[in-house]
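**Student:** Provided below are the primary sequence and the corresponding predicted coordinates.
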Amino acid sequence: MPLDPQVAAYYGDSLNTLPDMSAVTVEGTRQAVDAVYNDKAQSPAVYSVQDKSIPCPWGEMPIRVYRPDALTGHGALLYFHGGGFVIHNIASHDSICRKLCRDAGVVVLNVGYRLAPEAPFPAAPEDAYRALCWVYENAMALGIDGSRLAVMGDSAGASLSAVAAQLTRDRKGPPLRLQILCYAPTGALELRETQSLKDFGHGGYVLSQPQLDWFYEQYLSKGADPDDIRLNPGRAKDLSGLAPALCYTAEFDPLRDDGEAYAALLSQAGTPVKLRRVSGMMHGFLMLWERFDTGRATLEEIAGELKACADIIAQTDRRMQAIIHFAKRSRSAS
C-alpha cells in the first residue's frame, strides 16, 4: 500500500531532504530530537510514576517505574528506548510507556541505559542485561512478580531487547516470558544488501543509510567484533530456548528486511514468533502514536498481546499451584 497519508502529511517536504551528516554533531542532534519527542504532557495518565536508579560500578542508571494501579504482583515490562544508541532517553518514550502500562495493566520500567559516544559498545547491551537482573532481584521491593518479566524496545532498543533475551538464556539469568521487538536492527542480514535498504535508505523515508552509518560510527568501540551477539543478535549460532517473540516491522523502513529475517531465524530455531509488517508506516512510527492512527492501533495491539500473555501465565501458574497442592494432600493422605 502507499505511504500512510498521516505520515506523509506530518513529515511533508522534509521527506525529500537527505541530511548532510558531515555537519551533524551529537549534542546538536540530541537537542533537536529532544525538542520534538520529549514528552512534557505526562499523558496518558497512569496510577503512579516514580523515578528510581540502579546502582552500577560507574554510578547510577536511571529507571522510571509506571504502575497501572495500587495492587502488587503485576507482571513487568522493561522498555528500552530507540535512538541509534546515541539519542533519545526516558523522556522521549514516556508516553509510549504510559500507554502500555495503562492499556496492558502491567508495571512498565523505562530504562535509561548509557549512550554513545560517551559510553560506546558494549555499554548499552550490558546495561540492558544489568537492568533486567536488577528488576528481577528487586521484584518484591518493586511490588511485581519476578516470574512474569518481558522486554520490549523500538529500533536500537529492540536490538537491546533481543540481546537481553539471549544473554539471560546464556548466563542463566532471570526468566523471560516475552520479547517484543519493534523495527529492530539485528544483523541477521548484511544491511547494505537488503532490498528494503535499497528501496528506502536513500532519502524520503525518515531513516537513511548515511544516518545509520553515523549512528554506528558513534556507537562502535574500536575492534568491535561484528559477530558479537551483543552487537548483532541475528548472528547468534543458537536461537533456540528463547522467550517467545512479537516482531513488528514497518513497510517503508530500511531495517524492515533485517527485522523480518531475525523473526524467521527465531521461528526456525523453535522459538515461538508472531511477525507483523505494519502497512504504510516508516521507521520510528510508534514514537508518534498520538498523531498516527496506525501507531496508536499498533501500541494497543501490543498491549493486548501483553495482557493476554499475562492472563495465560497467571492461569497456568494457578493450575500448577493446584496440582502441587493436590499432590501434597495425596502424599499426606497416604
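**Tutor:** Okay, I see it.

**Student:** count of neighbours near R30?
**Tutor:** 17 (other CB atoms under 10 Å). Yep, even glycine has a C-beta here, placed from its N, CA and C like the rest.

**Student:** Same check on M1?
**Tutor:** Counted with other CB under 10 Å, M1 comes out at 7.

**Student:** Got the confidence number for A333?
**Tutor:** A333 is assigned 58 on the pLDDT scale.

**Student:** cool, and D199?
**Tutor:** 96.

**Student:** So it lies in a helix, does it not?
**Tutor:** Yes - the assignment for D199 (DSSP: H, G, I helix; E, B strand; the rest coil) places it in a helix.

**Student:** burial count for it?
**Tutor:** Using other CB under 10 Å: D199 sits among 15 other residues.

**Student:** Could you do the one 4 residues further on as well?
**Tutor:** Here the count is done by other CB under 10 Å, and G203 has 14 residues near it.

**Student:** That one belongs to a helix, doesn't it?
**Tutor:** No - counting by three-state DSSP, G203 falls outside a helix, being coil.

**Student:** Distance-wise, check it relative to K237.
**Tutor:** 36 Å (CB to CB, to the nearest Å).

**Student:** Equivalent analysis for A263, please.
**Tutor:** 18 Å.

**Student:** These two - which one has more neighbours?
**Tutor:** A263 (25 against 7).

**Student:** so who does that one touch?
**Tutor:** 181, 245, 247, 273, 275 (CB atoms under 8 Å, 6 or more residues apart in numbering).

**Student:** That one belongs to a helix?
**Tutor:** Yes - the assignment for A263, made by three-state DSSP, places it in a helix.

**Student:** what about the closest residue to G112 other than its chain neighbours, helix or strand, and which?
**Tutor:** Among residues not flanking G112 along the chain, P62 sits closest, at 3.8 Å (CB to CB, 6 or more residues apart in numbering). Element membership for P62, per DSSP states H and E: strand 59-67.

**Student:** Distance-wise, check S95 relative to L265.
**Tutor:** Counting by CB to CB - S95 and L265 are separated by 32 Å.

**Student:** With L78 instead?
**Tutor:** 23 Å.

**Student:** and if you look at K172?
**Tutor:** 22 Å.

**Student:** Repeat that for F80.
**Tutor:** Distance of F80 to L265, computed by CB to CB: 20 Å.

**Student:** just checking, the residue nearest to G112 touches H81?
**Tutor:** No - the pair P62 / H81 is not scored as a contact, 11.6 Å apart, by CB atoms under 8 Å.

**Student:** So for the two, which residue has more residues nearby?
**Tutor:** H81 (27 against 14).

**Student:** Torsion angles phi and psi at that one?
**Tutor:** Dihedral pair for H81: phi -70, psi 160, per degrees, to the nearest 10.

**Student:** can you count the residues close to the nearest residue to it once chain neighbours are set aside?
**Tutor:** Distances taken as CB to CB, 6+ apart place H93 nearest to H81, at 4.2 Å, with adjacent residues excluded. Neighbourhood size, H93 [other CB under 10 Å]: 29.

**Student:** show me what contacts H93?
**Tutor:** 79, 81-82, 110, 154, 157, 287.

**Student:** three-state assignment of it?
**Tutor:** helix.

**Student:** What distance do you get for it to L288?
**Tutor:** Taken as CB to CB, the span from H93 to L288 is 12 Å.

**Student:** Same question for L15.
**Tutor:** If you go by CB to CB, the gap between L15 and L288 works out to 14 Å.
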